[in-house]
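Chemist: Coordinates for the following, if possible.
(chains A and B)
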Amino acid sequence: MSESAQSVQTTAGQAAADGCGAPADAPRVTAAGNQAVVQGTVTQGGSPVSTGYARLLNSGGEFVAEVPLSSDGGFQFFAAPGDWTLRVLAPGGIRAEQGVTAAIGQISRVDVAV
Amino acid sequence: MSRSDVLVDADWVAAHGSDPGTVLVEVDEDTSAYDKGHIRGAVKIDWKKDLQDPVRRDFVDKAGFEALLSERGISNDDTVILYGGNNNWFAAYAYWYFRLYGHQNVKLLDGGRKKWELDSRELVTEVPQRPATSYHATDQDTSIRAFRDEVVAAIGNKNLIDVRSPDEFAGRLLAPAHLPQEQAQRGGHVPSARNVPWSKAAEEDGTFKSDDALRTLYAEAGVDFDTDTIAYCRIGERSAHTWFVFHELLGQQNVKNYDGSWTEYGSLVGVPIELGDGA
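Modeler: From the prediction side, this is the model:
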């Protein structure tokens, strides 16, 4: 994703898609609106991990959603309010996990270094 | 039917993907994934642009499917290997669609694009040029496609399997968590449906679980394997993944995918809806 694409003011509603396959490089929202947004980036040694997957697990450890990482290592979910675990899978057997709490009207950030 | 009839692994694709009579097809909604890199020799099918009617809510018709496959250079005799993102959701949907229109030799790449990428296998940007064919489809095989009235009639007497996430099943979310939640329809699920998220049928790398693990999974969820089954999700692609498990891997008969799914059912006037986490 380019810098200019990232700086576009986007709300959750404008980012709506009517399918299920969220494009990896879709703009991340900059205002949560009435959504509980979880966003972050995955880096390795300070560089973005652009090939890999971010998985969202619920508080019981059950899989809920997955997106491919974007070219800048970013990901985004529209979750329900509550506690979640973010799991990263990347080539070379890389796995990492981090907790995050989502709330309506907020963009909760979770940045993962692998 | 056995696994080898309907699934291939990455080693097979690496060895045989370019064989004459074999066509690799990447199926995505986000076709930028294909454009950034795909398995060598693969053509692409866009889940929405290529497979959906542009006006009505329905598939492209038989003539449209024939035109699509002819243009992509796919023959009736070709072995079609489908793969894609989202743990093969859209590839499974396309698989169901190829079956619906009577294509005989079609298989999924187990693990789809994700496992291929996680295994650091080759992806190329070169787009293959395949000469056009004259593809002939059959009429739709509606024995594998459920419509809304069948779903209403199935309440309480057939296996209804809701393969969405638990939050969508309960009515707390209206879409998968990687999409915005604004939708017009009501939340909840079809009464008597069992919630077995599609993801429980897959390993973390996107490959399908073993037949034994799959049978145990659905049996423990209360699915009666001696009864007809209808699977649904939100728009019919995750449930195509579960349809594939039931019909193709486990060899169950009388299994239908309800492609109208929750975006249709949850918008119908007067039909019963159940809320909460279910039994």
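
Chemist: if I pick the closest residue to A:Glu97 other than its chain neighbours, what's in contact with it?
Modeler: Sequence neighbours aside, A:Arg87 is the residue nearest to A:Glu97 in space, at 4.9 Å (criterion: CB to CB, 6 or more residues apart in numbering or on different chains). Every residue, glycine included, has its C-beta placed from N, CA and C. Applying CB atoms under 8 Å, 6 or more residues apart in numbering or on different chains, we find A:Arg87 in contact with A:54-57, A:95-97.

Chemist: Check the residues you listed and tell me the two furthest apart.
Modeler: Greatest spatial distance among these (CB to CB): A:Leu56 and A:Arg95, at 14.6 Å.

Chemist: can I assume B:Thr263 sits in a strand?
Modeler: No - according to DSSP: H, G, I helix; E, B strand; the rest coil, B:Thr263 belongs to no strand; its state is helix.

Chemist: My read is that it contacts B:Gly187, right?
Modeler: No - counting by CB atoms under 8 Å, B:Thr263 sits too far from B:Gly187 to count as a contact (11.6 Å).

Chemist: which helices and strands sit right next to the biggest helix by length in chain B?
Modeler: Longest helix in chain B, counting residues (DSSP state H): helix B:85-100. Counting contacts by 3 or more CB pairs under 8 Å, 6 or more residues apart in numbering or on different chains; DSSP states H and E, helix B:85-100 is packed against strand A:63-68, strand B:22-28, strand B:79-83, strand B:106-109, helix B:112-118, helix B:238-243.

Chemist: Buried residues in the third one, which are they?
Modeler: Within strand B:79-83, the residues that qualify as buried are B:79-83, counting by 16 or more other CB atoms under 10 Å in any protein chain shown.

Chemist: what about the residue of chain B found nearest chain A, neighbour count?
Modeler: Relative to chain A, the nearest point of chain B is B:Glu29 (3.3 Å; CB to the nearest CB). The burial count assigned to B:Glu29 is 24, neighbours taken as other CB atoms under 10 Å in any protein chain shown.

Chemist: before we move on, what about A:Gly82?
Modeler: So A:Gly82, with other CB under 10 Å, has 14 neighbours.

Chemist: Please list all residues in contact with residue 102.
Modeler: All of this refers to chain A. Each residue near A:Ala102 by CB under 8 Å, 6+ apart is listed here: A:36-38, A:77, A:79-84, A:108.

Chemist: that's the wrong chain, I meant chain B
Modeler: B:137-139, B:141.

Chemist: re the thing from before, comparing A:Leu56 and A:Arg95, which residue is more hemmed in?
Modeler: A:Leu56 (26 against 12).
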